[in-house]
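Trainee: Give the three-dimensional model of this entry:
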Amino acid sequence: MTRNQHGFTLIEVLVAVVVLSIGLLALGGATGRTTRTLYGSRLATVGSQVAARRLDKLRAAAASTFPRCTAPAFSSSSSSVTTYGVTETWVVPATGSPRVVRSIVNYPIGAGRTKTDTAATSITC
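Mentor: All right, here's what the predicted structure looks like:
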């Protein structure tokens, strides 16, 4: 007399647990990488916004006087400025028309490393 057995064997259960564990570990690793990428993207966005804001301020300072580009605010930075964790300096050439104005931003990207981005615009004087 043979008996019909239903259910899983111990080997099948162990294989299923191992496969599930590997999948969960992979998911956890991907989540960590995604979080680091999002953090870096947020800092890059803030850095771009800080640089664009500085270029807008310099553009407005250049247009605020007649003749153009003679406002005291239309000059290079004498030291770095930190805004929202982003350190910024800017360079305004003393002569020329147009003048290529640059805003250089530095921000941390983790593990003691920093990233430097430069934004530039041309201002007619």
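
Trainee: Let me know the pLDDT of the residue nearest to the spatial centre of the chain.
Mentor: Centroid-nearest residue in the chain, with Cα atoms, centre = their mean: A44, separated by 1.5 Å. In this prediction, A44 carries a pLDDT score of 89.

Trainee: dump the residue contacts of it.
Mentor: 107, 115, 117 (Cβ atoms under 8 Å, 6 or more residues apart in numbering). Quick note: C-beta positions are derived from backbone N, CA and C, even for glycine.

Trainee: from the chain's centre, how far out does the helix or strand that contains it sit?
Mentor: Assigned by DSSP states H and E, A44 belongs to helix 10-63. Counting by Cα atoms, centre = their mean, to the nearest Å, helix 10-63 is centred 10 Å from the centre of its parent chain.

Trainee: Of the contacts of A44, just the buried ones, ChimeraX syntax please.
Mentor: Filtering these down to the buried ones (16 or more other Cβ atoms under 10 Å) takes a single ChimeraX command:
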select :107
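
Trainee: What about the contacts of A44, which are in helices?
Mentor: In helices, judged by DSSP state H, none of these are found.

Trainee: Pull the number of nearby residues for C125.
Mentor: Neighbours of C125 under the rule other Cβ atoms under 10 Å: 15.

Trainee: nearest spatial neighbour of it, skipping sequence neighbours?
Mentor: In space, and not counting its chain neighbours, C125 is closest to C69: 3.7 Å by Cβ to Cβ, 6 or more residues apart in numbering.

Trainee: circling back: and the next helix or strand past the helix holding A44?
Mentor: strand 81-83.
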